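**Student:** Give me a 3D structure for the following:
(one chain, ligands or ions: 1)
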Amino acid sequence: MDKNKCECENMSCEEGTGCSGGCGDAQIENDFSVEAHKLNSIKRVIGVVSGKGGVGKSLVASALAVLSRRKGYKVGVLDADITGPSIPKMFGINRRAMSSESGILPEKTHNGIKIMSVNLLLDSDDSPVIWRGPLISGVVKQFWSDVIWGDIDYLFLDMPPGTGDVPLTVFQSIPLDGIIIVTSPQDLVHMIVRKAYNMAKSMNIPVLGIVENMSYVKCPDCSKEIKIFGDSHIDDIAGELGIEVLGRMPIDPSIAEACDKGEIERLNNDYLSGALDFIEKNLKP
Ligand SMILES: Nc1ncnc2c1ncn2[C@@H]1O[C@H](COP(=O)(O)OP(=O)(O)OP(=O)(O)O)[C@@H](O)[C@H]1O
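**Tutor:** Take a look at the predicted model:
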C-alpha cells in the first residue's frame, strides 16, 4: 500500500499524514510522549475537548477544577489551548509565571488551583499567538515536561479546539486517563461528537462522557426552560457511542459574568457535580 494513501476509514487519517488508527502499513508512529518533570506526581490527567471552538470547553475544564478543589483535591489546569488561552482570565490571574533553576512554576488561584497557560508567559494578555502547529505542540509538551506541578490529584487539560493536528499531537504527547467531550445542542452535533470520539478511540484514550453546554436558558420571570438551539440530541449520541451524558449546563448570565470578572471560583451551581462524581468513581486519584 502507498504509505501516503491510507485506505482505511479512520477519521483521523488524512492523505500524506499517515494513519494513527491501526490500519497496518500506513500507521504512523503515535508515541510522541515526553517525560513529566521529575518533581511531578500527577495522578490523573483529564482532557476536556470539543469538536469545534466556542462551545464552553475552557469553562467546563475550569468549573471541574473548581469543584474538585472544593472537595479537597490537589488540582491543576493546563491550558493547552495555545492560540485561544482563556484559563488565566477566568481565574482572574494576570501575573507572569516565575521560573527557577529546576523549571517553570505554575501560578496559583485564590483557592490553590495551579494554572499554566501561554498567557502567563507572554508580555501582555492581548499579544496574539501566531505560531504554527509544531511550535504550539512543543509548548504544550513543555507544560508537561518543564512545569513543576508537584503533587496533583487531578490535572485538567483545556485541549486545543477541533480534531486537527494540534489536538492530535497533544493526545500523543501527554498520558491522558480520559477525555470529556463538550458540545452544544445543534444539528452538526452528531458529526462533531463522533469525530472527537473517534480521535480519542484511535489513540486508545477512554472517553468518559459528554457535557452539553448552552442546553437551554431559564426565563427569569416564569423559570420556563427555553431551548434556543432546539431540542437536544445528546442522549441519542451518547447511547449510540455507549458513553455517559455527564451534565447539561444552561446559558446562565451568572456564568458569563463570573468568567468575565475572573471570578469563576465564586460560582455556586451544581451543573457539573454529576460529572465530578463520575470522575471520582471511575478515575480515583
Ligand atoms: N453556559 C454558559 N452560560 C453563560 N456563558 C457561557 C456559557 N458557556 C460559555 N459561556 C461564555 O462563553 C465564553 C467562552 O467559553 P469558553 O472559553 O469556555 O469556550 P471554548 O469552547 O473554550 O472556546 P475556544 O474553543 O474558542 O477556546 C466564556 O468565557 C463565557 O463567558
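**Student:** so who does the residue lying closest to Glu225 once chain neighbours are set aside touch?
**Tutor:** The spatially closest residue to Glu225, leaving aside those adjacent along the chain, is Tyr216, at 4.2 Å (C-beta to C-beta, 6 or more residues apart in numbering). C-beta coordinates here come from the backbone N, C-alpha and C atoms, glycine included. Tyr216 makes contacts with 225-228, 248, 250-251, as judged by C-beta atoms under 8 Å, 6 or more residues apart in numbering.
**Student:** From those, which shows the smallest pLDDT?
**Tutor:** Among those, Ile228 has the lowest pLDDT, at 85.
**Student:** can you pull out the strands in the protein?
**Tutor:** Secondary structure of the chain by DSSP state E: the strands cover 41-50, 75-79, 99-100, 103-104, 107-108, 114-116, 151-158, 178-183, 207-213, 217-218, 225-226, 244-249.
**Student:** Would you mind listing what in this structure touches the ligand?
**Tutor:** Neighbours of the ligand within the chain, by C-beta under 6 Å from any ligand atom: 50, 53-59, 81, 84, 86, 161, 213-214, 249, 251-252, 255-256, 259-260.
**Student:** Helices - which of the residues you listed land there?
**Tutor:** If you go by DSSP state H, the residues of the chain next to the ligand have 57-59, 255-256, 259-260 in helices.
**Student:** mind listing what the residue nearest in space to the middle of the chain touches?
**Tutor:** By C-alpha atoms, centre = their mean, the mean C-alpha position of the chain lies nearest to Val48, the distance being 2.3 Å. For Val48, the contacting residues are 57-58, 60-61, 64, 156-159, 179-180, 182, by C-beta under 8 Å, 6+ apart.
**Student:** of all the residues you listed, which two lie farthest apart?
**Tutor:** Within the contacts of Val48, two members stand farthest from each other by C-beta to C-beta: Ser58 and Ile179, at 14.7 Å.
**Student:** Those two: who's more crowded?
**Tutor:** More crowded of Ser58 and Ile179, by other C-beta atoms under 10 Å: Ser58, with 28 against 25.
**Student:** residue contacts, Asp158?
**Tutor:** Going by C-beta under 8 Å, 6+ apart, Asp158 touches 48, 57-58, 61-62, 77-81, 86-87.
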